[in-house]
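In: Curious how this folds, go ahead:
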Amino acid sequence: MLQILEEAQTRWTYLARPEQVEPPGDWNIWLILAGRGWGKTRTAAEWIVDQARKTKNGRFALVASTLKDARLTMLEGGSGILSLFKPHELLGGSQDTAYNRTSGELWLENGSQFNVYTAESPNGLRGHEHHACWCDELAAWKDASIGEVDTEGQGTTWSNLTMTMRLGKKSRTVIATTPRPVALLKDLVKRAKERGDVHITKGKTTDNLQNLSANFKAAVVDAYAGTTIGRQELDGELLEETKGALWTWKHLEPIRVQASKVPDLRRIVIAIDPAISATKGSDLTGIVAVGIGYDGLLYVLDDASGVYTPGEWALEANALYEKHEADCFVAEVNQGGDMVENTMRQVNKTARYKAVRASRGKVLRAEPIVALYEQARVRHVTENLRELENQMTSWSAGTGEKSPDRVDALVWGITELALTKEKRVSNVY
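Out: This is a model prediction of the structure:
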């Protein structure tokens with residue numbers, strides 16, 4: 001009896017909030033627009049696993065930005081598909097026999113099959129057909145800026161996927177994404193109003209607060225509450241482009257590259273915009289890795305920004321320095337002065353260090369960097385820059401929000417590598 005009760009209490013119908021259960025109605029697309037930690041992944045995984053259990057010899061698509069995203073989130077993550085199937089449901093009775101990690105294929109005993117596709121290779125969808133689909137973080141797909149209708153005939157991820165949804169009496173798609181103001185997402189919201197075949201579920205991070213860790217609350221919820229980024233990332237709001245923002249998604253969508261595509265770099269710096277305290281409500285310490293290649297292009301490699309004590313941010317910056325085999329730390333010292341270098345020297349006594357002092361406003365310092373983006377001279381490595389990009393597109397001098405710490409670090413890093421003639425106070429050791 002106890003075993004039966006325990007199994008019942010792990011069932012999704014028992015655990016799920018009402019808005020996480022498949023909605024009623026004659027919809028084709030279930031669009032979940034919700035903040036971080038709301039439970040989007042678990043909701044979408046539960047839905048598509050249920051479809052696969054009910055469909056003998058079914059074909060199911062899993063579409064993500066990258067293969068790594070699909071594997072680590074949709075399939076292997078704590079809330080992913082593999083965590084929901086019992087061994088006897090998998091082909092051969094185990095993950096070893098049912099799951100091909102390299103290709104992202106998963107087979108079930110009932111003949112159903114899951115296949116992974118990515119926005120990196122939209123044409124990989126051609127020639128396939130499916131009963132149902134799960135699209136993860138659609139707003140972050142590299143071609144989401146094109147829109148629902150592929151008017152240019154490029155063969156986008158979405159347009160190719162749409163052509164494959166033709167099996168069964170009614171093929172359906174669930175989209176689980178944190179919103180961004182990209183054309184594809186805007187078109188789907190518009191379609192919900194005009195055609196009625198898109199069901200939209202909205203949710204906030206706070207809906208699931210009781211299941212989130214204290215660290216997440218401190219690092220994400222407390223840090224972004226009340227900000228423009230918070231409205232998007234926590235409250236799940238689909239915002240328009242921020243008026244006065246120095247960058248737009250139009251700048252950023254086309255410049256993303258995979259880490260494997262980054263050429264040899266002749267210099268790499270770790271730029272730091274340090275916070276001098278680490279209490280609730282403190283600014284983040286911006287820590288960004290930037291390199292310049294022999295091809296003359298700039299590559300934004302990594303972002304380790306966060307709310308840290310001085311000792312912690314020094315360790316994080318040094319870890320990034322070693323990871324990317326950087327050649328210099330570049331740190332703003334307007335607030336911390338000599339303390340910044342002294343803190344860094346506690347963890348790395350021999351590294352080259354450059355102190356920089358801002359003599360102009362943030363917008364003026366950033367404008368030459370924006371020009372480099374407009375000239376297509378900057379590339380973003382796709383692995384770990386989402387928070388940085390959110391800040392780039394949501395902050396403007398007129399918002400009255402906190403200093404854009406990640407952006408400040410980015411500006412210092414690119415300035416060091418590409419704008420060596422800019423006048424600034426600096427010390428090199």
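
In: show me where the stretch 1-150 of the chain has helices.
Out: 2-10, 12-15, 40-54, 67-69, 95-98 (DSSP state H, counting those that start in this stretch).

In: quick one: buried residues of the shortest one?
Out: I take that to be helix 67-69. By neighbour count on 16 or more other CB atoms under 10 Å, the buried set for helix 67-69 is 67, 69. (Each C-beta comes from the backbone N, C-alpha and C, glycine too.)

In: list the helices and strands it packs on?
Out: With contacts taken as 3 or more CB pairs under 8 Å, 6 or more residues apart in numbering; DSSP states H and E, helix 67-69 sits against strand 113-118.

In: Just checking: what are the partner strands of the strand it packs on?
Out: According to DSSP bridges, strand 113-118 forms sheet pairs with strand 59-64 (parallel), strand 105-107 (antiparallel).

In: Between those strands, which one is closest to residue 285.
Out: Of all those, it is strand 59-64 that lies closest to residue 285, at 30.1 Å by CB to CB.

In: pLDDT on the closest one, on average?
Out: Mean pLDDT, computed over strand 59-64, is 98.

In: Let's see it as PDB, backbone CA atoms only.
Out: Extracted in PDB, the C-alpha atoms of strand 59-64 (Å, rounded to 0.1, in the frame of the first residue of the first chain):
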ATOM      1  CA  ARG A  59       7.600   9.800 -34.200                       C
ATOM      2  CA  PHE A  60       8.400  12.700 -32.000                       C
ATOM      3  CA  ALA A  61      10.700  15.800 -32.600                       C
ATOM      4  CA  LEU A  62      12.800  17.500 -30.000                       C
ATOM      5  CA  VAL A  63      14.100  20.800 -31.200                       C
ATOM      6  CA  ALA A  64      16.600  22.900 -29.400                       C
END
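
In: wait, residue 344 sits on residue 331?
Out: Yes - the criterion here is CB atoms under 8 Å, and residue 344 meets it with residue 331 at 7.0 Å.

In: what residues do the two have in common as contacts?
Out: Residues touching both residue 344 and residue 331 (CB atoms under 8 Å, 6 or more residues apart in numbering): 272, 353.

In: so where's the stretch 51-200 of the chain uncertain?
Out: In the predicted model of the stretch 51-200 of the chain, residues 151-153 satisfy pLDDT under 70.

In: what are the ranges of the strands in it?
Out: Taking DSSP state E, counting those that start in this stretch as the criterion, the stretch 51-200 of the chain carries its strands at 59-64, 99-100, 105-107, 113-118, 132-136, 172-177, 198-203.

In: Among these, which comes closest to residue 124?
Out: When the strands of the stretch 51-200 of the chain are compared by CB to CB, strand 113-118 sits nearest residue 124, at 5.2 Å.

In: what about the closest one, distance to the chain center?
Out: 20 Å (CA atoms, centre = their mean, to the nearest Å).

In: Compute the inter-axis angle for it and helix 40-54.
Out: Counting by axes from the mean of the first three to the mean of the last three CA atoms, to 10 degrees, strand 113-118 lies at 140 degrees to helix 40-54.

In: what does strand 113-118 contact?
Out: Residues from elsewhere that reach strand 113-118 (CB under 8 Å, 6+ apart): 48, 52, 58-67, 69-71, 74-75, 81, 103-107, 124-125, 128, 157, 161.

In: With stretch 255-262 instead?
Out: Residues beyond stretch 255-262 that count as contacts (CB under 8 Å, 6+ apart) turn out to be 66, 120, 142, 291, 293, 299, 301, 373, 376, 378-383.

In: repeat that with 7 Å
Out: Residues outside stretch 255-262 that contact it (CB atoms under 7 Å, 6 or more residues apart in numbering): 120, 142, 299, 376, 378, 379, 380, 381, 382, 383.

In: what's near enough to touch residue 243?
Out: So residue 243 contacts residue 396 (CB under 7 Å, 6+ apart).

In: my guess is it is in a strand, correct?
Out: No - with DSSP: H, G, I helix; E, B strand; the rest coil as the criterion, residue 243 is coil rather than part of a strand.

In: Return the distance of the most centrally placed residue in the chain relative to residue 140.
Out: Of all residues in the chain, the one closest to the mean position by CA atoms, centre = their mean is residue 386, 4.3 Å from it. Distance, residue 386 to residue 140, by CB to CB, to the nearest Å: 7 Å.

In: Likewise for residue 132?
Out: Noted for residue 132: a distance of 21 Å to residue 140, by CB to CB.

In: what do you get for residue 390?
Out: Taking CB to CB as the measure, residue 390 falls 10 Å from residue 140.

In: again, but for residue 316
Out: Separation of residue 316 from residue 140 (CB to CB) stands at 24 Å.

In: One more: residue 192?
Out: The gap separating residue 192 from residue 140 is 20 Å, by CB to CB.

In: do residue 13 as well
Out: 30 Å.

In: The two: which is more packed in?
Out: Neighbours per residue (other CB atoms under 10 Å) separate residue 13 from residue 140, with residue 140 holding more: 21 against 9.

In: Please report phi then psi for the residue nearest to the more buried one when sequence neighbours are not counted.
Out: In this structure, residue 140 finds its nearest non-sequential neighbour in residue 65, 5.2 Å apart by CB to CB, 6 or more residues apart in numbering. For residue 65, the backbone dihedrals (degrees, to the nearest 10) come out as phi -60, psi -50.

In: Lovely, talk soon.
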